[in-house]
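Undergrad: fold the stuff below for me.
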Amino acid sequence: MNASIALIPGDGIGPEVVAEARRVLAAVASIHGHDFAFTELLLGGAAIDAVGTPLPPETIAGARACHAVLLGAVGGPRWSDPTAPTRPEDGLLGIRRALGLFANVRPITTHWQLLDASPLRRDLVEDVDIVIYRELTGGIYFGGSTTSDDGSTVTDHMTYSVHEIERIVRLAAQAARDRRGHLTSVDKANVLAVSRLWRRTTDRIMTDEYPDVTHETQLVDAMAMHLLSRPRDFDVIVTGNMFGDILSDEASMLPGSLGLLPSASLGTDGPGLYEPIHGSAPDIAGTGTANPLGMILSAAMALRHSLALPDEAAAVERAVDRVLARGLRTADIAAGSPAVSTEQMGSAVANALT
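TA: All right, here's what the predicted structure looks like:
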């Protein structure tokens, strides 16, 4: 097939890991007879430096014209001045909004080769297979804020509509139906009115539309404990924007490193946005030590969800498993063993493709 893929390297280690994802995708195209055209776009701090805004109009137009968008990372201390009129993260929120991306999908899967890399006991993390569905365009991140005249009081607004809740819950419930048939909804309904709306809406949809899917509700503070004490009990988790942001980062420690985990941000149509869940890691940028596997596995998600190439996606995932089985490790998962570079890991995955 012919497909256009937008590459947004971004900041920090973003350019390094995106380069390795491109390498792997080019190998996929060569092996399987596809033609992937790559276009690089600006976002975040790199865009501020180049054109003065974190989200240039050309980036929105370029992303909309592609089948999938791969993003490295945004942000860093050089753009963290609290008095600055704009920040790199504004570009990330803006492109999600511009592309209509309302669902962030984060698979949390432990690799048998790396069970001892997790800070948790091996018997707790073995065979963990969770998918977290985080609502991406509502909640406190998009509710706006107000500041008192003297600046002494600031209020952030958490807002959700029934429509926003319905569409993310339906997506997560369908995923649960296709997987192991269990959905966990996470809220804070004992305190927040918004969460009570979330719970009522979720309960109605699950009862009326997905009676074959087992459904439970957990309060977010309890869920934070359960993810560490009994992670194998969970299949698909659905929650709001802020809770999903926090819980998915917590869950990233189950496999042992932020550098291992991919994510997809999806809408009803148009390109999906695929990115590793790690940040820009400016402290290691340019050292060649970043782990590219989260970005490479994000590219696999792009193959599966946006390009409708599930066999090619599975081939990339198998290649990652082969490389890990051979003992190759970047610094974050080396645990004292010799570490390979970002480029060496990416090359190894590309060469392991079949």
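
Undergrad: contacts and neighbour counts: CA atoms only from here.
TA: Will do.

Undergrad: show me what counts as buried in the helix or strand of the chain with the lowest mean pLDDT.
TA: Taking mean pLDDT, DSSP states H and E as the measure, the helices and strands of the chain show their lowest mean at helix 122-125, namely a mean of 88. Applying a neighbour-count criterion of 16 or more other CA atoms under 10 Å, one finds 124, 125 buried in helix 122-125.

Undergrad: ok, then the element right after it?
TA: Helices and strands here follow DSSP states H and E; after helix 122-125, the next one along the chain is strand 129-135.

Undergrad: need the contact partners of that following strand.
TA: Applying CA atoms under 8 Å, 6 or more residues apart in numbering, the contact partners of strand 129-135 are 102-110, 164-165, 168, 172, 232, 234-241, 243-245, 248.

Undergrad: okay, now the sheet partners of the next helix or strand after it, with direction.
TA: Proceeding C-terminally, strand 129-135 gives way to strand 145-147 as the next helix or strand, assigned by DSSP H and E. Each strand that strand 145-147 pairs with, and the sense of that pairing, follows from DSSP bridges: strand 154-156 (antiparallel).

Undergrad: residues contacting the partner strand, please?
TA: Contacting residues not belonging to strand 154-156 are listed as 140, 143, 144, 145, 146, 147, 148 [CA under 8 Å, 6+ apart].

Undergrad: of those residues - the most surrounded one?
TA: Neighbour counts for these (other CA atoms under 10 Å) peak at residue 140, which has 16 neighbours.

Undergrad: find the nearest non-adjacent residue to that residue, please.
TA: Spatial nearest neighbour of residue 140, excluding adjacent residues (CA to CA, 6 or more residues apart in numbering): residue 158 at 3.9 Å.

Undergrad: same deal with residue 279?
TA: With CA to CA, 6+ apart as the measure, residue 73 is the residue that lies nearest to residue 279, at 5.6 Å, once sequence neighbours are left out.

Undergrad: now do the one you found against residue 195, distance only.
TA: Summarising the geometry, the distance separating residue 73 from residue 195, computed by CA to CA, to the nearest Å, is 30 Å.

Undergrad: now the contacts of strand 154-156 as a markdown table including distance to residue 294 and pLDDT?
TA: Compiled in a markdown table, the contacts of strand 154-156 are given as follows (distance: CA to CA, whole Å; pLDDT from 0 to 100):
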| residue | distance to residue 294 | pLDDT |
| --- | --- | --- |
| 140 | 27 | 93 |
| 143 | 30 | 89 |
| 144 | 31 | 90 |
| 145 | 33 | 92 |
| 146 | 37 | 94 |
| 147 | 38 | 94 |
| 148 | 42 | 94 |
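
Undergrad: which of these lies closest to residue 199?
TA: For residue 199, the nearest member of those is residue 140. The distance, counting by CA to CA, is 17.0 Å.
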